[in-house]
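Student: I'll drop the sequence and a predicted model, then ask my questions.
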Amino acid sequence: MRRGSIFVDTNAVVWYLKGKPDVVNLLDGYERLCSNIVVFLETLHVYRRALLRTGMRLNLEPIVEFFQAVTLLPVEPISLEEIVKVIVDYNLLPNDALIAITCRYYGIDTIVSLDEDFRRVPWLTVVP
């Protein structure tokens, strides 16, 4: 039985694209994969940097294909005060704060990420 929605963080996208079986199986177990533009841009940055470091031709198509199957949640108008509060209260990096706030706004309570910082956010369950 497939579960509902899960938010996919940058490192999980990278693992998925590398074919890491536990991440592939985990993500395939959800009906709806969600993310936002922050994760898309971070993934492009990480992938581009890795390809350029190895001297490989820059091909971002695998990332574009992955995100075509993901629901990209709009980053709603969020006040500066809210972002700062989440950064300070949970000791998060700014992009991670925006991801956490996006999850809260859309009622998503599970995130797939290797980033331990999300474990400090009370409205999120982090997997694996």
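Tutor: Now that the structure is in, tell me what you want to look at. Residues are numbered from 1 along each chain as shown.
Student: now do the contacts for residue 59.
Tutor: Contacts for residue 59 (CB atoms under 8 Å, 6 or more residues apart in numbering) come out as residue 51. Just so you know, the C-beta spots here come from the backbone N, C-alpha and C atoms, and that holds for glycine as well.
Student: so it, which state does it fall into?
Tutor: coil (DSSP: H, G, I helix; E, B strand; the rest coil).
Student: can I get stretch 93-102 in PDB, CA atoms only?
Tutor: Extracted in PDB, the C-alpha atoms of stretch 93-102 (Å, rounded to 0.1, in the frame of the first residue of the first chain):
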ATOM      1  CA  LEU A  93      20.000  27.300   7.700                       C
ATOM      2  CA  PRO A  94      17.800  29.700   5.800                       C
ATOM      3  CA  ASN A  95      16.900  27.300   2.900                       C
ATOM      4  CA  ASP A  96      16.100  24.600   5.400                       C
ATOM      5  CA  ALA A  97      13.800  27.000   7.300                       C
ATOM      6  CA  LEU A  98      12.000  27.800   4.100                       C
ATOM      7  CA  ILE A  99      11.600  24.100   3.400                       C
ATOM      8  CA  ALA A 100      10.300  23.400   6.900                       C
ATOM      9  CA  ILE A 101       7.800  26.300   6.600                       C
ATOM     10  CA  THR A 102       6.700  25.100   3.200                       C
END
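Student: now do the helices in this protein.
Tutor: 10-18, 21-28, 37-54, 61-68, 80-90, 94-106 (DSSP state H).
Student: the last one: which residues count as buried?
Tutor: Residues of helix 94-106 classed as buried under the neighbour-count rule (16 or more other CB atoms under 10 Å) are 96-104, 106.
Student: so which other helices or strands are in contact with the helix or strand bottoming out on mean pLDDT in the chain?
Tutor: When each helix and strand of the chain is scored by mean pLDDT, DSSP states H and E, helix 21-28 comes last, with a mean of 83. Applying 3 or more CB pairs under 8 Å, 6 or more residues apart in numbering; DSSP states H and E, we find helix 21-28 packed against helix 10-18, strand 110-112.
Student: so which of those comes closest to residue 77?
Tutor: Residue 77 lies closest, by CB to CB, to one member of these: strand 110-112, at 21.8 Å.
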